[in-house]
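Engineer: Predicted coordinates and the sequence they were generated for:
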Amino acid sequence: MRIIENISEMQRLADTWRAGRERIAFVPTMGFFHEGHLDLMRTARKLGTKAVISIFVNPTQFAPTEDFESYPRDLQRDIDLSTAVGTDLAFVPRVDEMYPEGFQTYVNVTQVTENLCGMSRPVFFRGVATVVSKLFHAVKPHIAVFGQKDFQQLVSIRRMVKDMNMDIDIVGHPIVREQDGLAMSSRNTYLKPGERPAALRLNRSLKEAQELVDLGERNATVILKAVNDRLTTGGGATVDYARLCDPDTIEDVEVISGPTLLALAVWVGKTRLIDNRVLLLPA
């Protein structure tokens, strides 16, 4: 697998591929791969003739109090894993390549970023939109694949692409879970052995919410109380948010009348976990 660190070199190769009618499918990542990442790459292999990943821990989406410095990194392991699934190229830029001295231009997606993670991580989505826009300009993909675990991020990127007339198809990939149901995340490595039971309550609360909808419950307050009770009973977990939202606008809903996003962010010890499910009305 080829590795490129320089933006100009990446752009030249992308232009060559496009001139040769190759179809570039792109998976942006922060590295420290798990099976969820690899599944995104397998999807990219199916959708394009050239599968490209980026590995870049983006400093602009971390607040000063967050885990930028401690975020898990293992570049050689990532290269080995992505090579094994057939990725053609890894774009691995340096921080000073992406954000040179004097950098002052940012991309800000507004309404769909204001709820959920936008409330507790105010710099996050500006950083995400900025780095993804820069990566798109470097890699020049026809298709980009994002995981649905970061549902609000996926919606935000789709909004940016639509609003800025970017000629890129954004593909959402279903959440990949570990055998016990925990949504795969690089941050799962932060969990201590005794914290796992509390972490598993996220997925269980999502399932129980769907069961309530299946039984006829439509009141958001009732469903969210059941979700919060499930998350906190037994201790070890602190709810950042549990909200029911329109899956397109990310605005809160009071009554479920169609597909509705149930989004969670929960602190388990010092680890912040997110998960979600689109609740569906019975057929």
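Structural biologist: It's in.

Engineer: Strands along the stretch 101-250 of the chain, start to end?
Structural biologist: Secondary structure of the stretch 101-250 of the chain (DSSP state E, counting those that start in this stretch): strands located at 143-147, 169-173, 237-245.

Engineer: Okay, buried residues for the helix or strand bottoming out on mean pLDDT in the chain please.
Structural biologist: Within the chain, confidence by mean pLDDT, DSSP states H and E is lowest for helix 117-120 among all helices and strands, at a mean of 94. Neighbour counts over helix 117-120 (16 or more other Cβ atoms under 10 Å) mark 117-118 as buried. Backbone N, C-alpha and C define where each C-beta goes, glycine included.

Engineer: chain center to it: distance?
Structural biologist: The chain centre lies 14 Å from the centre of helix 117-120; the measure is Cα atoms, centre = their mean, to the nearest Å.

Engineer: and if you look at stretch 64-77?
Structural biologist: That offset, for stretch 64-77, works out to 16 Å (Cα atoms, centre = their mean).

Engineer: Just the buried positions in it, please.
Structural biologist: In stretch 64-77, counting by 16+ other Cβ under 10 Å, buried: residue 71.

Engineer: Now do the same for that stretch: mean pLDDT, whole number.
Structural biologist: Stretch 64-77 carries an average pLDDT of 95.

Engineer: Need the CA coordinates for it. CSV is fine.
Structural biologist: The C-alpha coordinates for stretch 64-77 follow below in CSV (Å, rounded to 0.1, in the frame of the first residue of the first chain):
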residue,chain,number,x,y,z
PRO,A,64,-8.1,21.9,25.5
THR,A,65,-9.5,19.6,28.2
GLU,A,66,-10.1,16.7,25.9
ASP,A,67,-7.9,13.7,24.9
PHE,A,68,-5.9,14.9,21.9
GLU,A,69,-2.5,14.1,23.4
SER,A,70,-3.6,10.7,24.8
TYR,A,71,-5.8,9.6,21.9
PRO,A,72,-4.6,6.1,20.9
ARG,A,73,-2.2,5.9,18.0
ASP,A,74,-0.4,3.0,16.3
LEU,A,75,0.5,3.9,12.7
GLN,A,76,2.3,0.7,11.8
ARG,A,77,-0.5,-1.5,13.0
